[in-house]
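[1] have a look at this fold, sequence not included:
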DNA sequence: ATGGCAATCTGTAACGTTTCAGTATATTGA
DNA sequence: TCAATATACTGAAACGTTACAGATTGCCAT
């Protein structure tokens, strides 16, 4: 197991990985001096500092994470907390890449802390805070009154949320403007002559559920369109459930002629349901959908899409947590990204 | 910053998180005894053991990771190494969930170590080994002669690969039988009367590229079909590139009447290319595709699919690494999963 | 009684780092 | 010249854990 353990107490040149002691021996200085020289402490002579840093670079010195962590309590870890059964697929990969890309230039590692259907969402948070397993946390599926945010705020754990909260607490967030998304979607559908619209919403409970609903309602009254209720399912339901419900809805007399969908996978199901009912996309009904990767236009060119960039969300969230850890004001680390325009891929069919 | 620091040297009841010292004080034992009692060491009296464990549970003692890591060198970390620009989207989320679900019942944390296009794939591996940042590693995009596997083997770092190597070294792996996949795909197409087949392969260089190619070739000769070369693109190319090349191919005189595709997203592009060329899926050409989530049948019901379960791969890989760390023989931790049957969603159209 | 031996328990040191409280030397001000 | 002070460095202690090398006790065979 332990490969080489030649060194006794610092005099004999150490094997294995170099430590401060190794550097101290090589430079003839004390470990304290070396430690401070490496972090540019002011009370170290300019030449000594340079010398130490040179040697450190030469032999590839890297501070031992466990040593630092034990001594300082800093873990150099950011934890991304994910729901393992409800999270959108592309969300996971894109956000991880976004976070990674920011952390890559720092000493921080990314740990993924999962929780599942069966668990209380608070559990992973409590674990992280109680065990001090991370210096900062990123959470998603944010709720208006989010106990996780409150808890972390109370316990001094820096964090950032994907989506906003609404309880008067200030913390970093990254959010996509789903209010505007829903409004633009409705406006676009209205401009195509669609006036009986259904919304496949985010799961009730999450903050952006409200944003989406409000945007939808606001635009409906703005353009004078009406809503066909479709609230027995949300994007959290299975493909099959959404497909079935859509088909049922489309067979009713008072069926919608337009859909707004908050997620790409759900949109596949909606379209399938529409076609199950014998109707045709672009002729009988139009659909505006959010998507996070550029695939929906391959599925059906008649689909109208708005892009949400999860990779950007990831890097933004990572920067925010690091910022908070670094002492920035949490209120200055909030970002609401505007939605892009609704995009079409095939010329509109006149109704 | 430091919240409470009442305790001086163990006599005064400690604040903050309980440590062995806290337990020692509460039970009236020495820290050594407490430490051993918690890990069921044989030289501890049965009653003492129970007593210590009871108190530990009551006050919610959790060993300090930094302490353990510094002392023992064990990190209790498994690292998943991912390519941030070539990895399949669903692969990332599913495999993370699979790994997580296994690690959840252990003290292990999952850290994601990314590398990008611009980097040498060896770099993250060297980092992990040199800094001892993980007790075990999971890699994907495995090559027949994989320098990462060789390096980790040489340096005693337990690991598992998604996909096999082919250099006579023995290590745990999880692999999907792409040879059989390609054969079954070809057989299915042949049974539908398709005899001029094109293969959209994995990227050359990866081990399963060879497996897929061989299976494809073997089945071609078995059923007496012929290959239409389509090797200017692989599933690593962009959607647009695949789409364009497919359209070009389908406009040629000697065009394929069947495709075998190694990835779902690429299949979307193939179908788009087919339709760009004015041809119809199921009538002019059939496509068999691998998929990892059940979405392709929504895209075009004529598609034929074979499912590959990445979540299973993840949990399997995690179990393998843990097994190796735990002392199991690496050769006993290898698994080749059979492909499911080729599935159809719409009745075949006679040609 | 005495030596030997299990059975239990314990103190000390060490892992690598940072911080505290210095020490030694040179420099300054009067 | 002498104290005061700044500059550059240092040892010891501590973070929480485990391993090593004992120490204490009771019991048994002699």
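    It's in. Note that this is a predicted model, so its numbers are computed, not measured. Numbers count the residues shown, from 1 in each chain, chains lettered A, B, ... in the order given.
[2] drop to CA atoms for contacts and neighbour counts, all remaining ones
    Will do.
[3] so who does residue A:149 touch?
    residue A:159 (CA atoms under 8 Å, 6 or more residues apart in numbering or on different chains).
[4] quick one: classify it as helix, strand or coil.
    helix (DSSP: H, G, I helix; E, B strand; the rest coil).
[5] those residues of the stretch 51-200 of chain A touching chain B, which are they?
    Proximity of the stretch 51-200 of chain A to chain B (CA under 8 Å from any CA of the partner chain) is limited to residues A:62, A:64, A:66-67, A:69-70, A:84, A:89-90, A:92-94, A:97, A:100, A:104, A:109-114, A:130-131.
[6] tell me which stretches of the stretch 201-350 of chain A form helices.
    A:207-223, A:239-251, A:264-276, A:296-299, A:310-325 (DSSP state H, counting those that start in this stretch).
[7] circling back to that earlier point, take the residues of the stretch 51-200 of chain A next to chain B and keep only those in helices.
    A:66-67, A:69-70, A:89-90, A:92-94, A:97, A:100, A:130-131 (DSSP state H).
[8] contacts with DNA strand D among those, please.
    A:67, A:70 (CA under 7 Å from any atom of the strand).
[9] which of the ones in helices among the residues of the stretch 51-200 of chain A next to chain B sits closest to residue B:306?
    Taking CA to CA as the measure, residue B:306 lies nearest residue A:89 of these, at 19.4 Å.
[10] list only buried entries from the residues of the stretch 51-200 of chain A next to chain B.
    Applying 16 or more other CA atoms under 10 Å in any protein chain shown to those, the neighbour count classes A:64, A:66, A:69-70, A:84, A:89-90, A:92-94, A:97, A:100, A:109-114 as buried.
[11] near DNA strand C too, which of those residues?
    Okay, of those touching DNA strand C (CA under 7 Å from any atom of the strand), that's A:64, A:66, A:70.
[12] now render the residues you listed as JSON lines, adding pLDDT.
    Output for those, formatted as JSON lines (pLDDT from 0 to 100):
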{"residue": "A:64", "pLDDT": "98"}
{"residue": "A:66", "pLDDT": "98"}
{"residue": "A:70", "pLDDT": "98"}
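[13] turn these into TSV, columns for distance to residue B:149.
    Converted to TSV, those look like this (distance: CA to CA, whole Å):
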residue	distance to residue B:149
A:64	25
A:66	26
A:70	32
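[14] which one of those residues is nearest DNA strand C?
    residue A:64 (4.0 Å; CA to the nearest atom of the strand).
[15] quickly find the element holding residue A:141.
    Residue A:141 belongs to no helix or strand when assigned by DSSP states H and E.
[16] correct me if wrong: it contacts residue A:206.
    Yes. Between residue A:141 and residue A:206 there is a contact under CA atoms under 8 Å: 6.1 Å.
[17] skipping adjacent residues, who's closest to residue A:338 in space?
    residue A:177 (5.6 Å; CA to CA, 6 or more residues apart in numbering or on different chains).
[18] nope, residue A:112 is what I was after
    residue A:80 (4.9 Å).
[19] beta partners for that neighbour?
    Following DSSP bridges, residue A:80 is listed with bridge partners residue A:112, residue A:138.
[20] if I look at it, how far off is residue A:114?
    8 Å (CA to CA, to the nearest Å).
[21] check residue A:169 too.
    Residue A:169 is 25 Å from residue A:114, by CA to CA.
[22] rewinding a little: ok, the residue nearest to residue A:112 touching residue A:134?
    No. Between residue A:80 and residue A:134 there is no contact under CA under 8 Å: 9.7 Å.
[23] leaving out sequence neighbours, find the closest residue to the residue of the stretch 151-300 of chain A found nearest DNA strand D.
    Closest residue of the stretch 151-300 of chain A to DNA strand D, CA to the nearest atom of the strand: residue A:155 (17.1 Å). The shortest distance from residue A:155 to any non-neighbouring residue, by CA to CA, 6+ apart, is to residue A:129 (7.4 Å).
[24] for burial, what's the neighbour tally of that neighbour?
    19 (other CA atoms under 10 Å in any protein chain shown).
[25] who in the stretch 1-150 of chain A is up against DNA strand C?
    A:8-9, A:17, A:19-21, A:31-32, A:35-36, A:62-68, A:70-72.
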